[in-house]
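*Asks:* dropping a prediction and its sequence here:
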Amino acid sequence: MSKHPAWLDNAVFYEIYPQSFCDSNGDGIGDFQGIISRLDYIRDLGCNAIWMNPCFESPFGDAGYDVSDYCKAAPRYGTNDELVRLFDEVHRRGMHILLDLVPGHTSWAHPWFKASMRAEKNAYTDRYVWTDSIWEQPSGYGCLRGISDRDGSCVVNFFSHQPALNYGYLNPERPWQQSMDAQGPQETLSAMMDVMRFWLSRGCDGFRVDMAGSLVKNDADGRGTIALWQKVRAFLDEEFPDAAMISEWGEPDKSLQGGFHMDFLLHFGPSHYNDLFRCEEPYFSSRGKGDVTAFVEKYLENMRRSGQKGLICIPSGNHDMDRLARALHGDELKVAFAFLLTMPGAPFIYYGDEIGMRYVEGLTSVEGGYNRTGSRSPMQWDDTLHAGFSAAPAEKLYIPLDPAADRPTAAAQMEDEHSLRSEVQRLIALRQAHDALQSCGGIDFVHVGYPLMYTRSSSTETLLVIVNPAAQEKRVPSSMRLMECLYQFNGAAVQQGGVMHVPGQSVCVYRV
């Protein structure tokens with residue numbers, strides 16, 4: 001992995017789902033101007049970086065992850081010039097912004113795919129993965145077929161309207177499976193580099209890359225996809241060395257080797273991330289019946305295999321997951337955020353999680369959201385019309401609001417020093433005040449269970465973090481000498497006679 005941009009060392013990200021964040025023109029859908037109007041809120045919270053979900057032209061069959069023009073902003077959000085203004089306004093506040101890059105597939109409405117469907121050979125014939133015969137369905141993948149005069153079936157990456165771009169096969173087994181170094185896959189990669197070049201040259205600070213591990217086919221161990229991203233890394237190092245790259249891969253040992261700076265832990269795959277927040281007995285439930293062991297074991301394994309520290313991102317959630325507040329409530333959320341904001345890697349806060357926005361139950365799917373739709377409802381700013389999100393009639397809102405009379409709002413929580421948002425704000429300030437707590441600080445787990453205890457260290461300090469989500473006091477043997485208490489929530493831990501007494505639902509950070 002190449003050296004990462006210095007600004008990632010203390011980055012705290014805020015994820016914006018643009019459709020649902022802030023509507024400035026009253027059409028019921030969020031937009032760039034709405035985001036600009038709320039940048040000071042994000043900065044006041046303490047976040048200094050933004051990840052914005054796809055904002056490019058799209059038929060929106062999958063909320064923008066079905067791109068029809070990578071180099072044009074979706075008109076419902078604004079123009080390219082307005083997007084560049086958003087970049088400028090972010091930078092003016094000393095912040096950075098990542099766009100969401102979707103390199104694995106496009107919409108079937110993309111001009112590349114329309115050209116690829118033609119029976120006659122052309123420049124885009126090999127831009128996507130096609131079999132040679134309409135009667136052959138690619139093994140292991142869904143496909144589109146019978147949609148054009150071209151004889152063949154086209155691999156899809158996710159929904160059936162998202163044809164897979166062709167980056168080649170690591171081990172071709174059929175005549176139509178092209179090798180990674182064939183002309184078609186090479187031109188696809190070059191085209192995607194051009195997309196990156198287009199936005200980086202206009203002020204974007206880098207990309208969060210969707211399904212980053214899915215590009216090369218027949219690539220079970222990721223070797224081909226790692227090699228592909230290493231080529232991208234070389235291109236960026238030469239032309240845009242300060243561009244940050246964060247992958248949705250879920251396997252840090254592979255993504256970091258490929259040249260990404262950070263990797264997300266996902267709600268699926270081997271990380272055991274959801275053991276913490278979203279399972280029958282989450283570790284962060286006050287019932288104290290969860291198990292953090294598998295998470296810690298996998299986390300340490302990923303660190304060892306990647307050969308790096310501090311580069312694994314743990315998000316509060318995202319647009320694909322249940323809201324954090326669907327399973328956790330009250331002080332449980334505050335304890336969970338204390339963990340998220342004292343771990344290595346850049347933390348990511350999904351919009352609204354900082355105020356405990358709820359999963360809205362029973363919604364009809366919007367733009368391919370299905371069960372995810374309940375996590376994508378409009379941001380709740382205040383107690384004005386539609387929670388301050390939009391002046392549009394209720395029936396025009398992108399997704400219905402949480403109808404509960406007691407729905408949390410940012411305005412109310414900003415006025416309450418005991419609110420979840422105020423606690424998150426204090427935790428971010430603590431993180432920024434101590435380099436040991438930031439992205440690249442070292443970590444060693446001292447006790448795994450209830451409580452979870454780990455040290456964070458830098459060249460100048462070592463801190464002990466003690467997190468007890470359980471409602472009951474916990475006692476564990478400990479010979480560590482506690483010095484200055486830098487932070488406590490719900491009481492301080494006390495060491496007596498070689499035993500650490502940790503109050504229920506508490507968090508403490510000590511200098512040791």
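*Replies:* Yep, that arrived. Residues are numbered from 1 along each chain as shown.

*Asks:* for stretch 460-475, buried residues please.
*Replies:* Buried residues in stretch 460-475, defined by neighbour count with 16 or more other Cβ atoms under 10 Å: 462-470, 474. Heads up, the C-betas are built off the backbone N, CA and C, glycines and all.

*Asks:* nearest to residue 361, out of the residues you listed: which one, please.
*Replies:* residue 469 (24.5 Å; Cβ to Cβ).

*Asks:* the closest residue to the closest one other than its chain neighbours is in what secondary structure piece?
*Replies:* With Cβ to Cβ, 6 or more residues apart in numbering as the criterion, residue 469 has its nearest non-adjacent residue at 4.5 Å, and that residue is residue 284. If you go by DSSP states H and E, residue 284 is not part of any helix or strand.

*Asks:* coming back round to it: could I get the buried residues of stretch 460-475 in a markdown table, plus columns for secondary structure?
*Replies:* Formatted as a markdown table, the buried residues of stretch 460-475 follow (DSSP: H, G, I helix; E, B strand; the rest coil):
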| residue | secondary structure |
| --- | --- |
| 462 | strand |
| 463 | strand |
| 464 | strand |
| 465 | strand |
| 466 | strand |
| 467 | strand |
| 468 | strand |
| 469 | coil |
| 470 | coil |
| 474 | strand |
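
*Asks:* thinking again about what came up before, my guess is the residue nearest to residue 469 contacts residue 338, does it?
*Replies:* No - in this structure, residue 284 is not within contact of residue 338 by Cβ atoms under 8 Å, at 9.8 Å.

*Asks:* what's the overlap in contacts for these two?
*Replies:* Both residue 284 and residue 338 lack any common contact, where contact means Cβ atoms under 8 Å, 6 or more residues apart in numbering.

*Asks:* returning to what we had before: of all pairs in the buried residues of stretch 460-475, which one is the farthest apart?
*Replies:* Longest span within those, Cβ to Cβ: 462 and 470, 25.6 Å.

*Asks:* which ones are touching the residue nearest to residue 469?
*Replies:* Residue 284 neighbours (Cβ under 8 Å, 6+ apart): 276-277, 290, 328, 332, 335-336, 339, 469.

*Asks:* can you list these in JSON lines and add secondary structure?
*Replies:* Output for these, formatted as JSON lines (three-state DSSP):
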{"residue": "276", "secondary structure": "helix"}
{"residue": "277", "secondary structure": "helix"}
{"residue": "290", "secondary structure": "coil"}
{"residue": "328", "secondary structure": "coil"}
{"residue": "332", "secondary structure": "helix"}
{"residue": "335", "secondary structure": "helix"}
{"residue": "336", "secondary structure": "helix"}
{"residue": "339", "secondary structure": "helix"}
{"residue": "469", "secondary structure": "coil"}
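
*Asks:* now, which of those sits nearest residue 297?
*Replies:* Closest to residue 297, out of all of the contacts of residue 284 and judged by Cβ to Cβ, is residue 276, at 13.3 Å.

*Asks:* burial count for that closest one?
*Replies:* For residue 276, the neighbour count with other Cβ atoms under 10 Å is 26.
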